[in-house]
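Engineer: here are the coordinates; sequence isn't available:
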């Protein structure tokens with residue numbers, strides 16, 4: 001049960017970000033990896049998963065399916081910390097054995113909830129990512145641009161995530177400050193899941 005720790009920064013404006021132009025004091029940057037990520041988020045019609053403060057998605061990166069469960073965790077000034085369970089799966093069918101090892105276990109056994117799980121919204125974006133590191137720290141910088149949509153509405157994704165892979169959380173915040181000095185960014189407390197749920201005009205937080 002890894003703890004996901006990341007800074008979420010919203011890009012101000014529509015201009016593309018050129019990752020090749022970025023630099024970080026005392027850190028090295030890898031080459032750019034680019035992929036299209038399509039994720040489907042699920043819930044019941046009355047948003048029972050949201051009310052239980054847990055999220056469920058299936059993601060396809062062009063080659064591999066991933067099944068992900070996230071708890072709501074905590075957010076402070078753009079720093080998101082939450083428990084996450086992510087597993088590779090062979091197809092777009094849920095692996096219930098793996099899901100029973102997550103907070104969804106009780107909901108799966110509830111015959112009034114699990115049979116009503118269905119697609120709620122989809123995120124579809126291009127991700128460009130680099131690794132920023134020194135001998136003690138490794139952070140994945142991911143630049144995402146695309147859309148979030150349900151059957152009726154669509155909203156834009158234009159953001160940067162800094163996810164701590166190894167090292168101290170203070171370095172994540174240090175890198176975010178350096179990044180905000182180079183680009184028109186602002187810290188955001190809204191995840192992609194929250195933006196998707198917002199299309200349903202709900203005020204319940206995830």
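Structural biologist: Ah, there it is. The model shown is predicted, which means the values in this text are computed figures rather than measured ones.

Engineer: any idea how far residue 171 is from residue 127?
Structural biologist: Applying Cβ to Cβ, to the nearest Å, the value for residue 171 to residue 127 is 22 Å. C-betas here are computed from N, CA, C, even on glycine.

Engineer: Between these two, tell me which one has more neighbours.
Structural biologist: Between residue 171 and residue 127, counting by other Cβ atoms under 10 Å, residue 171 is the more crowded of the two (20 against 17).

Engineer: my guess is that one meets residue 138, correct?
Structural biologist: No. Counting by Cβ atoms under 8 Å, residue 171 does not reach residue 138; the two are 9.4 Å apart.

Engineer: what touches both of those two?
Structural biologist: Common neighbours of residue 171 and residue 138 (criterion: Cβ atoms under 8 Å, 6 or more residues apart in numbering): residue 164.

Engineer: With adjacent residues omitted, what lies nearest to residue 186?
Structural biologist: residue 10 (5.4 Å; Cβ to Cβ, 6 or more residues apart in numbering).

Engineer: what pairs with whichever strand or helix holds residue 42, and is each one parallel or antiparallel?
Structural biologist: Assigned by DSSP states H and E, residue 42 belongs to strand 33-43. As defined by DSSP bridges, the strand partners of strand 33-43 come to strand 54-60 (antiparallel), strand 118-133 (antiparallel).

Engineer: what does stretch 101-111 rub up against?
Structural biologist: By Cβ under 8 Å, 6+ apart, the residues outside stretch 101-111 that reach it are 48-49, 52, 54, 56, 69, 71, 85, 96, 99-100, 113-114.

Engineer: Oh, that last question was meant for stretch 44-54, not what I typed.
Structural biologist: 42-43, 55-56, 69-72, 102-104, 107, 113, 116-118, 197, 200, 202, 204-206.
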